[in-house]
Every structure is written in C-alpha cells, then in structure tokens.
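> this one's structure only:
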C-alpha cells in the first residue's frame with residue numbers, strides 16, 4: 001500500500017492551485033448533469049430519440065456515477081490521488097467530446113456512461129484531498145471551497161443550460177468541458193504531491209464484490225426511477241429493489257470477510273462518521289429535491305423557460321456564496337454539531353416556507369425561502385464533513401469520502417423518487433377534488449385555480465360546454481400540480497428536521513487545537529527523518 005500523502009503545515013501555492021483545479025473538475029461533472037437536463041427536448045429532436053428512451057441520457061450518467069463514487073478509495077490506493085484525478089478528468093473530457101460528436105442515441109448513451117463513471121470519481125476525490133493535502137487548521141477553508149463548488153454547480157446549471165440551448169447548438173453543452181478539462185489534466189500533475197502508484201493492488205481486486213456493488217447500486221437507481229410511475233408495489237419495482245438489497249447483503253458479507261476489500265467499511269464503527277453519513281443523506285434529499293422541485297413548479301405551473309428558471313434559482317447560489325465565509329470563520333471555533341444543527345434548522349425552515357407558496361408564486365415570493373435555504377445548506381455541508389471525516393486516519397479518508405458522498409447522492413435519488421411519487425400519485429386526486437367543487441359552484445375553488453367566480457356562475461353566451469371544459473382543464477391541472485409541489489416541499493422540510501434531531505447524537509468533531517496543530521506540523525519532519533534512516537516497510 002502506498003504511504004499516506006505528507007500534509008504540509010504551510011501548503012504551497014502549487015498545492016492550493018492543484019486543489020482549485022480539482023474543484024474545477026468536480027464543478028464540470030456536477031454542472032454537466034444540470035445543463036443536459038434543461039436541454040433534453042433539444043437533444044431528443046436532433047437525434048430522433050423516442051420519448052420513452054430520452055430519460056436514459058440522464059439515467060445512464062447517474063447510474064455510472066453512483067457506482068464510481070464508492071470505488072474512489074480503492075482507486076486512490078492504486079493510482080494515488082494525483083493520477084486518479086488526472087485520469088478521471090482526462091477520460092471525462094474525452095467522453096464530453098464524444099457526446100458532442102455523437103450522431104446517434106446509442107453512441108451518445110455510451111459516452112454518457114463514461115462521463116458518469118469518471119465524473120463520479122471527481123466528486124469524492126476533492127473531499128479526500130481536503131484531508132490528505134491540508135493540515136487540520138485549513139480543513140474549514142478547503143472544505144468551503146469544495147462545498148461552494150459542489151452546491152453552486154446545480155444552482156447555476158439551469159441558467160447555463162438555458163443560455164447555451166438558446167444561443168448555440170446542443171453539442172456545446174458538452175464542448176464547454178473541453179478547455180477546462182485539458183487545463184486541469186495537463187497542469188495538475190505538476191502541482192499535486194508526487195506519490196508512487198501501487199498497481200499491484202489490482203491483482204487483489206475482488207471482481208465478484210465489484211459486480212455485486214455495481215448490480216446493487218444500478219438496480220437501486222433503476223428501482224427508484226421505476227417506482228413513481230409504475231408504483232412502489234409494482235412487480236418491476238419490487239424485483240429491482242429486492243435484487244439491490246440481496247446484492248448489498250452479499251456484498252457486505254464479502255467485504256467484512258475479505259483480506260483486501262474493494263471498499264472499507266471500518267469507518268462505520270465510528271459514531272461520528274455514521275451520523276455524518278446520515279446527515280449527508282438527509283442533506284441529499286433536501287438539496288437535490290429542492291433543485292429538482294423548483295424547475296418543476298416554475299416550468300409547468302408558471303410557464304418559465306430554462307433561462308428564466310436559472311435566473312430565479314441564482315438567488316440560492318448567491319446566498320450560498322455570501323454564507324460560505326461566515327461558515328468558514330465559525331467552523332473550527334464552534335462545535336460542529338451546533339453549526340450543523342443550526343444549518344438543518346434553517347434549511348428546514350426555508351423548505352417549509354415554500355410549502356405555503358400560492359400557485360402564482362414567482363421571484364418575489366420565492367426570494368426569502370431561497371435565501372434561508374442557501375444559508376442553511378452551507379451550514380449543513382461544511383461542518384458535517386468535518387464531523388464525518390475530520391477525525392479519521394489518513395489511510396481511511398479516501399474510502400470514507402466515497403461513502404460520505406455516496407450517501408448524499410443516494411439521498412438525492414430517493415428524494416427525487418419520493419417527489420415524483422407525490423406528483424404522480426396525488427395530482428389526479430387534487431384535480432378530481434377541484435372538479436367536484438367547481439361542479440358544485442364553489443367560488444373559492446374557482447379563485448384557487450385562477451378562474452373569475454362570475455364565469456363559474458354564468459357561462460358566457462356562445463361558449464359551449466366543451467369549450468368551457470377545455471378552458472378550465474389546464475387551470476385545474478396547474479392548480480393541482482401546485483398543491484402537489486407544496487406537499488413535496490413539506491416532505492423535504494420534515495427530512496431536514498430529522499437531520500436536525502439526529503445531530504446531538506454525533507460525537508464531537510476534533511478542532512484544530514494548538515497541541516494538535518503542533519503535532520501535525522511535526523509529522524512531515526518526522527517522516528523525512530524516517531526516510532533518512534531507511535525505507536518504509538509494508
């Protein structure tokens with residue numbers, strides 16, 4: 001096994017630049033999901049993709065990504081932090097070019113799988129770098145940089161995707177990755193610490209465990225995709241979820257018995273790490289759920305295009321940027337549990353505020369809930385990272401970072417599935433209730449859907465019943481969807497509140513005390529002294 005990266009007490013400018021370029025790679029991977037989502041209809045028309053197959057452009061990426069994330073620890077041990085990042089960003093960039101040049105659906109799908117897998121590696125490797133490259137006193141700063149990038153990308157994604165679609169052609173959704181990808185791949189090797197790859201670790205690779213991991217996560221993702229439309233108790237959904245659970249059970253048994261597991265689960269013995277992962281899961285449900293829910297409301301209820309949606313959602317991103325230095329200043333000085341609890345309480349309040357928005361809500365009504373959520377997100381992201389990863393030995397960080405980020409992504413997948421379940425399952429119930437009230441002459445129902453009460457009481461002369469129904473139907477559909485969206489906001493708020501309740505059970509994260517900083521500062525000199533005495537064993 002390769003020796004841990006020697007953290008410098010005063011990281012050089014080169015180390016900081018290398019880390020920033022790693023954040024650029026992560027930004028590309030996260031942004032790619034959002035910009036493509038806004039332009040799926042354009043891609044569908046250009047390549048002649050059937051409506052049923054269109055969603056696979058995103059699903060293929062997400063499945064590959066979620067499989068890659070937990071493998072980060074293994075691949076970091078084999079290729080080292082530096083070369084894993086360089087290889088991942090290089091293949092991601094090449095796959096982006098392949099997507100842009102694709103002339104068929106199947107060709108695009110193949111490159112999206114490559115994009116998803118290697119893009120998935122770029123996310124946890126950044127959070128590993130925080131704890132592998134920097135001393136404890138700088139963890140808050142480095143985590144802030146990575147955290148801002150991680151949450152800003154999905155926030156600005158709709159406006160970037162909308163601008164590209166409206167201004168250029170769809171291949172530019174992928175071509176924008178080329179220049180920063182080449183820059184990161186060519187410059188980073190000269191900036192990050194030089195380590196020796198341990199390719200011999202591949203000889204110990206447990207292929208069966210790798211297969212179980214891939215099948216478990218892929219079937220879970222597919223089951224969550226199937227559940228909202230087909231029903232959670234449909235045969236396809238149950239079969240996929242049972243397959244996922246079975247493979248996961250066999251995988252855990254194999255990992256615990258293996259001498260060289262592909263994924264180390266020992267970090268779960270630490271209460272702080274386990275609670276940190278649960279916090280990450282709750283944050284994923286709220287974070288990904290809110291980023292998904294706002295465009296649904298703004299597009300289908302308010303009728304905004306992707307660019308307009310992006311401009312409205314920028315409020316969250318600006319609030320995050322403003323809150324980031326405040327969180328950084330407090331992190332390390334205030335108990336991480338208090339900061340995290342405050343963040344989840346704020347996040348829950350921002351989500352709950354949106355649960356009462358009217359169907360006519362727009363920028364003004366959505367401004368303050370977004371501000372509260374944006375500030376809360378930063379408190380929910382940075383301190384929990386230190387709770388989960390801050391006290392771990394360096395040898396465990398890469399595996400633990402993969403698991404920590406996997407929990408957030410799984411939370412996002414489950415959150416979106418629950419939102420879709422509410423929308424698909426309850427919109428018809430609300431629509432039927434509106435129809436019954438309108439038929440009974442309820443003027444309050446007429447006002448709720450935006451229909452003048454006098455039109456309900458006295459249908460204009462010359463307007464047939466069919467024409468009246470055709471006029472009222474879209475009003476009922478939008479009002480019903482708005483109610484479903486509010487119910488989904490309430491669900492997300494409840495999950496965030498659960499995150500708040502669980503935080504007190506987490507162990508206290510280590511702070512960068514003067515004694516700890518002094519001991520950590522002495523480590524590089526001690527390693528150099530050991531190197532002079534002789535080669536390391538093991």
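Yep, that arrived. Every value quoted in this text rests on a predicted model; they were computed, and no experiment measured them. Numbers count the residues shown, from 1 in each chain.

> Show me what counts as buried in stretch 35-55.
For stretch 35-55, burial by neighbour count (16 or more other Cβ atoms under 10 Å) applies to 35, 36, 37, 38, 39, 40, 42, 43, 44, 47, 49, 54. Using the backbone N, CA and C atoms, a C-beta is placed for each residue, glycine as well.

> What's the local residue count around the nearest residue to the first one once chain neighbours are set aside?
So the one you mean is residue 35. Counting by Cβ to Cβ, 6 or more residues apart in numbering, residue 35 lies nearest to residue 161, which is 3.5 Å off, once chain neighbours are set aside. The tally of other residues near residue 161 (other Cβ atoms under 10 Å) stands at 27.

> What strand or helix carries residue 161?
helix 139-167 (DSSP states H and E).

> what's near enough to touch residue 490?
Applying Cβ atoms under 8 Å, 6 or more residues apart in numbering, we find residue 490 in contact with 351, 352, 355.

> can you rerun that using 10 Å?
351, 352, 354, 355, 356, 422 (Cβ atoms under 10 Å, 6 or more residues apart in numbering).

> So what's the predicted local confidence for it?
Per-residue pLDDT puts residue 490 at 97.

> What of residue 273?
Looking at residue 273, the pLDDT reads 90.

> could you list every residue that touches it?
So residue 273 contacts 266-267, 387-392, 396, 400, 403-404, 506-507 (Cβ under 10 Å, 6+ apart).

> mind listing which of the residues you listed are in strands?
If you go by DSSP state E, those have nothing in strands.

> out of those residues, who's nearest residue 497?
Ranked by distance to residue 497 (Cβ to Cβ), those are led by residue 506 at 16.2 Å.

> The closest one against residue 390, yeah?
No. Using Cβ atoms under 10 Å, residue 506 is not in contact with residue 390; the gap is 11.4 Å.

> Helix or strand: which one has residue 124?
helix 105-133.

> and the angle from that helix to helix 139-167?
160 degrees (axes from the mean of the first three to the mean of the last three Cα atoms, to 10 degrees).

> those strands in the stretch 1-150 of the chain, which residues are they?
Assigned by DSSP state E, counting those that start in this stretch, the strands in the stretch 1-150 of the chain number zero.

> Low-confidence regions, it specifically.
1-9, 51-52 (pLDDT under 70).

> please redo it, this time with the cut-off set to 50
1-3, 6 (pLDDT under 50).

> can you map out the helices along it?
13-38, 40-47, 51-54, 56-68, 72-100, 105-133, 139-167 (DSSP state H, counting those that start in this stretch).

> need the ones you listed in TSV with distance to residue 200, can you?
Shown next, in TSV, are the helices of the stretch 1-150 of the chain (distance: least, Cβ to Cβ, whole Å):
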stretch	distance to residue 200
helix 13-38	26
helix 40-47	43
helix 51-54	42
helix 56-68	22
helix 72-100	9
helix 105-133	21
helix 139-167	31
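
> Just tell me which of those ends up closest to residue 216.
helix 56-68 (9.2 Å).

> so what does that closest one touch, helix or strand wise?
Applying 3 or more Cβ pairs under 10 Å, 6 or more residues apart in numbering; DSSP states H and E, one finds that helix 56-68 contacts helix 13-38, helix 40-47, helix 72-100, helix 105-133, helix 207-230, helix 394-439.

> so which of the ones you listed comes closest to residue 502?
Residue 502 sits nearest to helix 394-439 of all the helices and strands packed on helix 56-68, at 12.9 Å, using Cβ to Cβ.

> Next secondary structure element downstream of that closest one?
Helix 394-439 is succeeded, C-terminally, by helix 443-449 (DSSP H and E).

> following the helix holding residue 161, which helix or strand comes up?
The helix or strand immediately downstream of helix 139-167 is helix 172-175, counting by DSSP H and E.

> Outside of that next one itself, list whatever touches it.
Against helix 172-175 from outside (Cβ under 10 Å, 6+ apart): 31-32, 35-39, 42-43, 93, 95-102, 108, 111-112, 115, 160-161, 163-165, 168-169.
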